[in-house]
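# Predicted coordinates and the sequence they were generated for:
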Amino acid sequence: MAIREILIYPQRKHELRKKSEPVIKLDKKVHALIQDLKDTLNASVEGVGLASPQINRHHRVVAVRLGTEIDGEWQAGLPVVFINPRIIEAKDERKDFDGCLSFPRLYGETVRPHCLFIEGMDEDGLPFKKIFTGVNAVLVHHEIDHLDGILFIDRISNIEDLYRIEENESGEKSRVPITFA
């Protein structure tokens with residue numbers, strides 16, 4: 001088990017902005033990267049996705065915890081790995097919740113596709129084509145963005161769309177706007 005440090009913005013801005021290279025061969029190094037992504041994502045309490053640049057590796061590999069809605073609440077599954085994911089079609093763009101492990105406790109409203117058709121390879125090197133909808137489409141799109149050095153803050157249209165979630169004394173959670181003094 002190898003849990004890696006997740007790079008934090010802005011301290012590691014340069015590494016997070018670097019574009020990732022395609023995986024040419026599924027060798028021991030790539031399998032080690034896949035395991036590192038899974039272990040690091042599983043160790044994160046709030047994480048549902050992790051791209052290789054976030055652990056300072058720059059190969060086109062992401063791990064996502066796709067989910068389903070159960071009783072009105074979205075529940076993430078086990079990590080699934082996509083190698084060299086490529087967006088074939090993106091549609092049904094809407095404003096929705098976004099957050100990132102590289103921006104601890106910062107969230108925002110971004111416009112992302114809610115229907116996403118991608119192709120790539122799974123962790124066994126088998127090619128696939130898949131369609132994702134809803135939250136899963138947003139999640140996969142977010143992680144593919146990381147491979148191109150695009151961060152969720154790049155998709156924020158107004159500073160008012162950034163916020164933190166805080167708990168009050170009663171344990172109720174609410175959005176708290178970001179203020180810059």
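Thanks, I have the structure now.

# what stretches of the protein score poorly on pLDDT?
1, 181 (pLDDT under 70).

# Mind doing that once more with 90?
1-2, 45-46, 69-74, 167-171, 173-174, 177-181 (pLDDT under 90).

# which one's the longest strand in it?
strand 80-99 (DSSP state E).

# list the helices and strands that one packs on?
Helices and strands touching strand 80-99, by 3 or more C-beta pairs under 8 Å, 6 or more residues apart in numbering; DSSP states H and E, are helix 28-43, strand 61-64, strand 107-121, helix 134-147. Just so you know, the C-beta spots here come from the backbone N, C-alpha and C atoms, and that holds for glycine as well.

# could you give the angle of that strand to helix 134-147?
100 degrees (axes from the mean of the first three to the mean of the last three C-alpha atoms, to 10 degrees).

# Neighbouring strands - and their directions - for strand 80-99?
Strand 80-99 has its sheet partners listed here by DSSP bridges as strand 61-64 (antiparallel), strand 107-121 (antiparallel).

# Which one, of those, ends up nearest to Q11?
strand 107-121 (19.3 Å; C-beta to C-beta).

# tell me how far the closest one is from the chain's mean position?
10 Å (C-alpha atoms, centre = their mean, to the nearest Å).

# for stretch 87-100, same thing?
On the basis of C-alpha atoms, centre = their mean, stretch 87-100 sits 12 Å off its chain's mean C-alpha point.

# before we move on, what about stretch 171-181?
The answer for stretch 171-181 is 22 Å, by C-alpha atoms, centre = their mean.

# Show me which positions of it end up buried.
Buried residues in stretch 171-181, defined by neighbour count with 16 or more other C-beta atoms under 10 Å: none.

# try stretch 135-149
Quick answer for stretch 135-149 (16+ other C-beta under 10 Å): 135-147, 149.

# Of these, which is the nearest to K28?
L147 (21.3 Å).

# Just to check, the closest one is in contact with S20?
Yes - in this structure, L147 is within contact of S20 by C-beta atoms under 8 Å, at 4.3 Å.
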